[in-house]
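Participant: Structure here, sequence nowhere to be found:
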């Protein structure tokens, strides 16, 4: 019987596809303190916001709080509105940091600990190692988003009731339709954050410093957000990964505005695919010394 070139000289019974199972890597990452703290904070944040609202006397609103004050008023009018508020205050920075943490730390941390070369010596094929780590990082990123929204919805509903969804860009939506709109918002945020995941993962491959990969992804995302505010750049802004970051507001309008949502999904998927392709290309050719 002939053997493929990838298994010539391999030990009997060795199958590359059986190395580093997803479940094993998932459990391994679950035992890490940064994973526990990040997921724990996603649960804690809505509770902190809820407690903060209990100390609100309303005097600041009467003195003028602008748009944020009116959003705070909406947040206390029902569980769906509270969830929307929690997503609004988290989407532009906190969720970016969390996704960058999961995706930027996954490979770079192994290199900094000196354990990456031992994983490859098991032997785990490089492409499989990278694919499993990417899928696990994305799974934890998605879990963090669900924990944030789920905790906010549960806590907000228990405190403020199951009321219609209200926003500044639409009429009131009945709870059933409002829940569907929120799920659509979550889906869009997940797609947009793929660009962050791709950038952080690429930096995690090209550097051995986990902090550099995570911080670099966050700083580049902030830089893109700043550039997007410069109207003098004209049409160039449409090619920035953050240009459609807030397009999810169109999912709350009446009628639903999906043009920018579609463009945002295409942009995020294109950036993520580019970054991940570069990461795999670099890692499969990289000299692993740590």
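Facilitator: Alright, I've got the coordinates. A quick note: this is a predicted structure, and the numbers were derived from the prediction, not measured. Numbers count the residues shown, from 1 in each chain.
Participant: how about residue 98, what does it touch?
Facilitator: The contact partners of residue 98, by Cβ atoms under 8 Å, 6 or more residues apart in numbering, come to 38, 42, 141, 144. Yep, even glycine has a C-beta here, placed from its N, CA and C like the rest.
Participant: Spell out the secondary structure type for it.
Facilitator: Per DSSP: H, G, I helix; E, B strand; the rest coil, the local secondary structure of residue 98 is helix.
Participant: Could you check how far it is from residue 40?
Facilitator: 11 Å (Cβ to Cβ, to the nearest Å).
Participant: Find the residues that touch each one of these two.
Facilitator: Shared contacts of residue 98 and residue 40, counting by Cβ under 8 Å, 6+ apart, come down to nothing at all.
Participant: about what we covered before: what is the most widely separated pair among the contacts of residue 98?
Facilitator: Pairwise distances across these peak at 10.5 Å for 42 and 141 (criterion: Cβ to Cβ).
Participant: What about the contacts of residue 98, which are in helices?
Facilitator: If you go by DSSP state H, the contacts of residue 98 have 38, 42, 141, 144 in helices.
Participant: As a check, name the ranges of all helices in the chain.
Facilitator: Listed in chain order, the helices of the chain (DSSP H) span 22-30, 33-54, 59-62, 66-75, 79-91, 94-105, 108-113, 116-120, 126-160, 175-206, 210-228, 259-283.
Participant: Let me see the mean pLDDT of the third one.
Facilitator: Right, helix 59-62. When pLDDT is averaged over helix 59-62, the result is 52.
Participant: Kindly report the same for the longest one.
Facilitator: Mean pLDDT, helix 126-160: 94.
Participant: buried set for it?
Facilitator: By 16 or more other Cβ atoms under 10 Å, the buried positions in helix 126-160 come out as 126, 129-130, 132-134, 136-138, 140-145, 147-153, 155-157, 160.
Participant: now the second one
Facilitator: By neighbour count, with 16+ other Cβ under 10 Å as the criterion, the buried positions of helix 33-54 are 35, 38, 39, 42, 45, 46, 49, 50, 53.
Participant: confidence score at the residue nearest to the spatial centre of the chain?
Facilitator: If you average the C-alpha coordinates of the chain and look for the closest C-alpha using Cα atoms, centre = their mean, you land on residue 99, 3.9 Å from that point. Confidence per residue is given as pLDDT, and for residue 99 that number is 97.
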